[in-house]
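**Q** Just a sequence and a predicted model for now, questions to come.
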Amino acid sequence: MGDNRNMFIAIGLSLAVIILWQFFFIEPRMEAERAVQRQETIETQQTDAVTGNAGSVGTGSGDIPAAPQAEGTAGGAPATGAPAAGTPAEVASIPRLPIETPSVDGSISLVGARLDDLKLKNYRVTVDPESAEITLLSPMGTVSPYFVESGWVPADGSTVVPNSETLWTVETGETLTPDTPVTLTWDNGAGLLFRRTIEIDENYMFRVTQQIVNQTEAAVTLYPYSRVRRQGQIETSGFFILHEGMIGIAGDAGLEQTSYGDLADEGVINLPHSNSGWVGITDKYWATSVIPEAGTPFQPRFLYAGSGNVPAYQADYLADAVEVAPGATAEAVGLVFAGAKQANLIRAYEEADNIDRFNLLIDWGWFYFITKPMFFLIDWIYSHVGNFGVAILITTVLIKLLFFPLAQRAYTSMAKMKALQPKIMQMRERYKDDRMKQQQEMMELYKKEKVNPLAGCIPILIQIPVFFSLYKTIFISIDMRHAPFFGWIQDLSAPDPTSIFNLFGLIPYDPASVPMIGAFLMVGVWPLIMGITMWVQMKMNPAPPDPTQAMIFNWMPLFFTFLLASFPAGLVIYWAWNNLLSVTQQYVIMRRQGVKVELWDNVTGIFRRSKQKGAT
């Protein structure tokens with residue numbers, strides 16, 4: 001039958017899309033479990049004794065942007081060897097200045113004046129509120145050093161500037177808070193006084209003001225720089241739809257994204273000199289970036305500085321020269337973002353600090369024109385209902401209403417197609433030996449009755465981009481990380497934790513532990529609900545006359561049940577709810593068109609065929 005054939009083609013196409021999507025984009029292992037294990041490993045290892053390899057990658061002069069005038073000459077950049085910190089005891093011996101805000105806690109190392117110790121107070125490793133805070137930045141000497149550093153590069157080798165081993169003195173402030181900035185100073189003993197004032201807001205934005213007081217009788221030229229550096233073996237989520245690694249904006253060049261592997265192959269990637277932009281390192285939910293003050297000309301780059309088995313990745317920029325006259329004071333201002341990639345907060349920073357396209361720190365993907373509105377709609381609804389799962393359900397209803405006229409025409413056309421089935425069967429019988437004539441007569445009939453034989457594809461084709469955009473929204477949005485729904489769903493961004501293979505927890509057995517196929521055995525309650533609603537939707541239509549098509553239709557819901565079981569629970573809930581709404585809509589339209597709903601006959605027919613086979 002024509003409508004069944006078209007529906008079969010549409011479902012086949014969407015199935016192919018999802019299979020390719022699964023193959024290329026979805027890792028067999030659940031990302032949430034990997035993230036938990038990775039963070040727990042870091043937390044544990046940072047309290048253990050660290051071998052020399054942890055700090056074996058130096059941060060020498062080659063890692064600091066060189067002054068243009070001194071490129072290739074000795075002394076073109078300050079010596080910045082790594083602080084001598086190879087064990088937790090040595091790390092603990094470094095003097096520090098505490099950081100305490102509503103969003104973060106940690107400390108600033110007075111050796112090097114580095115921001116290298118930062119935890120996110122509002123985010124935990126697991127859904128357990130007592131689990132460890134997310135660690136973002138870690139000092140040298142730990143398993144995974146990750147820090148931000150600012151400084152000066154001299155135009156010649158005769159000017160002594162502070163480096164990574166410099167011990168700074170606290171001039172003002174005992175603890176860095178949103179209300180109390182801190183100021184550090186260092187005197188080079190040759191007439192230059194360096195002062196660094198660090199401020200922080202209530203969230204994740206630091207403001208670093210570097211001053212030079214020239215007490216000599218000659219002018220001094222220096223170049224301000226800032227860098228984000230990360231060392232050690234870095235595990236990413238492994239999803240192709242998400243970028244993790246180096247990221248930045250360099251003026252008209254637009255967004256620059258480089259993976260860790262590509263940077264290791266390239267060695268160094270110089271971005272275009274620009275008057276606007278930023279560079280940094282991004283994870284799925286967190287990011288650290290350095291941002292020149294708006295309007296400051298700067299040269300950004302990505303650098304691989306690994307040595308041996310210890311890789312090191314760096315995003316940095318070198319601003320244009322600052323000339324300090326004798327007896328004068330000059331300064332350079334830069335921002336540092338280190339925290340959670342909250343969409344609304346990122347957008348607010350972009351506007352308040354005039355940061356060029358800072359919203360691209362969040363990977364909205366190629367279909368951002370769908371993904372971003374989808375997120376902001378769900379977030380707006382959440383602000384009124386207080387539950388992201390409920391917000392997804394309401395969003396689904398709104399999407400249904402938006403596409404209601406289109407779906408109405410599609411389902412109406414499908415109902416008319418069903419009403420024409422007797423005539424179509426007669427034509428096929430009458431012209432069974434002349435396929436060309438058969439097709440011509442059928443098309444004339446469709447034209448006469450004003451029926452579109454492809455209308456059955458429309459509801460499915462509409463659902464594909466919505467499905468993708470919602471998946472992307474749930475996957476990248478930190479707002480949905482650890483966001484509960486009801487009952488056993490405590491994290492909408494993670495798969496349904498229950499499984500039919502241990503009777504949903506009644507049997508003390510973990511199906512995920514089964515080698516090779518464990519991930520496919522985690523078929524929870526919501527994937528089953530989704531599969532049932534999909535099966536009901538298919539059974540509302542007459543069974544295809546072709547046995548092969550009928551078999552595929554019968555197995556399709558089961559296949560999708562296993563396929564979507566590893567997807568975020570929020571997406572599966574959306575799919576199940578969307579199926580239920582579609583079934584309801586189709587049922588009402590079919591009854592209004594006077595077409596018989598095949599659901600009950602198709603369901604009972606399964607049991608009748610089973611009895612007939614048993615009798616034979």
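**A** Alright, I've got the coordinates.

**Q** For stretch 348-363, measure first residue to last.
**A** 17 Å (C-alpha to C-alpha, to the nearest Å).

**Q** Give the buried residues for that stretch.
**A** Residues 349-350, 355-356, 358-363 are the ones in stretch 348-363 that count as buried (16 or more other C-beta atoms under 10 Å). Backbone N, C-alpha and C define where each C-beta goes, glycine included.

**Q** do stretch 263-277 as well
**A** 263, 269, 271, 274, 276-277.

**Q** Columns secondary structure on top of those, output as TSV?
**A** TSV is the format used below for the buried residues of stretch 263-277 (DSSP: H, G, I helix; E, B strand; the rest coil):
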residue	secondary structure
263	helix
269	strand
271	coil
274	strand
276	coil
277	strand
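
**Q** For these, work out which two are farthest apart.
**A** 263 and 276 (22.9 Å; C-beta to C-beta).

**Q** thinking again about what came up before, so among the buried residues of stretch 348-363, where is pLDDT lowest?
**A** On pLDDT alone, residue 363 ranks lowest of those, at 90.

**Q** can the buried residues of stretch 348-363 go into CSV with extra columns for secondary structure and distance to residue 242?
**A** CSV is the format used below for the buried residues of stretch 348-363 (DSSP: H, G, I helix; E, B strand; the rest coil; distance: C-beta to C-beta, whole Å):
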residue, secondary structure, distance to residue 242
349, helix, 21
350, helix, 21
355, coil, 22
356, coil, 22
358, helix, 18
359, helix, 16
360, helix, 14
361, helix, 13
362, coil, 10
363, coil, 6
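
**Q** can you tell me how far the closest residue in space to residue 107 that isn't next to it in sequence sits from residue 164?
**A** Nearest non-adjacent residue to residue 107, counting by C-beta to C-beta, 6 or more residues apart in numbering: residue 96, 3.9 Å away. Look at residue 96 and residue 164: by C-beta to C-beta, to the nearest Å, they are 15 Å apart.

**Q** Then residue 119?
**A** Relative to residue 164, and taking C-beta to C-beta, residue 119 is found at 22 Å.

**Q** Look at these two and report which has more neighbours.
**A** residue 164 (24 against 17; other C-beta atoms under 10 Å).

**Q** so the more buried one sits in a helix?
**A** No: going by three-state DSSP, the assignment for residue 164 is coil, not a helix.

**Q** Mind pulling up the pLDDT for it?
**A** 89.

**Q** which ones are touching residue 496?
**A** Contact analysis of residue 496 by C-beta atoms under 8 Å, 6 or more residues apart in numbering lists 488-489, 522, 524-527, 565, 569, 572.

**Q** element containing it?
**A** Counting by DSSP states H and E, no helix or strand carries residue 496.

**Q** Can you tell me how far it is from residue 330?
**A** Taking C-beta to C-beta, one finds residue 496 at 59 Å from residue 330.

**Q** list the contacts for the residue positioned nearest the centre of the chain?
**A** Compute the mean C-alpha point of the chain, and by C-alpha atoms, centre = their mean the closest residue is residue 476, 3.1 Å away. Contact analysis of residue 476 by C-beta under 8 Å, 6+ apart lists 242, 284, 362-365.

**Q** In helices, which of the contacts of residue 496 fall?
**A** 525-527, 569, 572 (DSSP state H).

**Q** from these, which is closest to residue 554?
**A** For these, the nearest to residue 554 is residue 527 (17.9 Å; C-beta to C-beta).

**Q** Can you tell me which of the ones in helices among the contacts of residue 496 lies closest to residue 179?
**A** Nearest to residue 179 among these, with distances taken as C-beta to C-beta, is residue 569, at 40.6 Å.

**Q** wouldn't the closest one be in contact with residue 492 here?
**A** Yes: using C-beta atoms under 8 Å, residue 569 makes contact with residue 492 at a distance of 5.4 Å.

**Q** Common neighbours of these two, please.
**A** What both residue 569 and residue 492 touch, as defined by C-beta under 8 Å, 6+ apart, is the set residue 485.

**Q** Could you check how far residue 227 is from residue 192?
**A** 21 Å.

**Q** Show me the shaky parts of the stretch 451-600 of the chain.
**A** Within the stretch 451-600 of the chain, the ranges that satisfy pLDDT under 70 run 452-460, 462-463, 517-519, 541-547, 549-550, 593-600.

**Q** Can you show me the helices along it?
**A** 457-476, 525-539, 547-564, 569-592, 599-615 (DSSP state H, counting those that start in this stretch).

**Q** To residue 296, which of these lies closest?
**A** Closest among the helices of the stretch 451-600 of the chain, once you apply C-beta to C-beta, is helix 457-476, at 29.8 Å.

**Q** quick one: that closest one to chain centroid distance?
**A** 17 Å (C-alpha atoms, centre = their mean, to the nearest Å).

**Q** export it as PDB, just CAs?
**A** C-alpha atoms of helix 457-476 as PDB (Å, rounded to 0.1, in the frame of the first residue of the first chain):
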ATOM      1  CA  CYS A 457       6.800  11.200   5.900                       C
ATOM      2  CA  ILE A 458       6.200  14.700   7.300                       C
ATOM      3  CA  PRO A 459       5.700  13.900  11.000                       C
ATOM      4  CA  ILE A 460       8.900  11.800  11.100                       C
ATOM      5  CA  LEU A 461      10.900  14.300   9.100                       C
ATOM      6  CA  ILE A 462       9.800  17.100  11.500                       C
ATOM      7  CA  GLN A 463      10.800  15.100  14.500                       C
ATOM      8  CA  ILE A 464      14.400  14.400  13.300                       C
ATOM      9  CA  PRO A 465      15.800  18.000  13.600                       C
ATOM     10  CA  VAL A 466      13.800  18.600  16.800                       C
ATOM     11  CA  PHE A 467      15.200  15.300  18.200                       C
ATOM     12  CA  PHE A 468      18.800  16.300  17.300                       C
ATOM     13  CA  SER A 469      18.500  19.800  18.700                       C
ATOM     14  CA  LEU A 470      17.000  18.600  22.000                       C
ATOM     15  CA  TYR A 471      19.700  15.900  22.200                       C
ATOM     16  CA  LYS A 472      22.400  18.600  21.700                       C
ATOM     17  CA  THR A 473      20.700  20.800  24.300                       C
ATOM     18  CA  ILE A 474      20.500  18.100  26.900                       C
ATOM     19  CA  PHE A 475      24.100  16.900  26.100                       C
ATOM     20  CA  ILE A 476      25.900  20.200  26.300                       C
END
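
**Q** Report the helix or strand with the lowest average pLDDT across the chain.
**A** helix 31-45 (a mean of 46; mean pLDDT, DSSP states H and E).

**Q** got any ranges where the stretch 101-250 of the chain has weak pLDDT?
**A** 238-240.

**Q** can you give me the strands in it?
**A** 104-109, 114-124, 133-137, 146-154, 169-172, 182-187, 192-200, 205-214, 220-231, 245-250 (DSSP state E, counting those that start in this stretch).

**Q** I'd like these as CSV, with distance to residue 502 appended.
**A** What follows is the strands of the stretch 101-250 of the chain, written out as CSV (distance: least, C-beta to C-beta, whole Å):
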stretch, distance to residue 502
strand 104-109, 40
strand 114-124, 26
strand 133-137, 30
strand 146-154, 39
strand 169-172, 57
strand 182-187, 54
strand 192-200, 47
strand 205-214, 46
strand 220-231, 40
strand 245-250, 38
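
**Q** And those: which comes nearest residue 380?
**A** strand 114-124 (20.9 Å).

**Q** and the angle for the closest one with strand 192-200?
**A** For strand 114-124 against strand 192-200, the angle by axes from the mean of the first three to the mean of the last three C-alpha atoms, to 10 degrees is 0 degrees.

**Q** how about strand 114-124: buried residues?
**A** In strand 114-124, the ones that count as buried by 16+ other C-beta under 10 Å are 114-120, 123-124.
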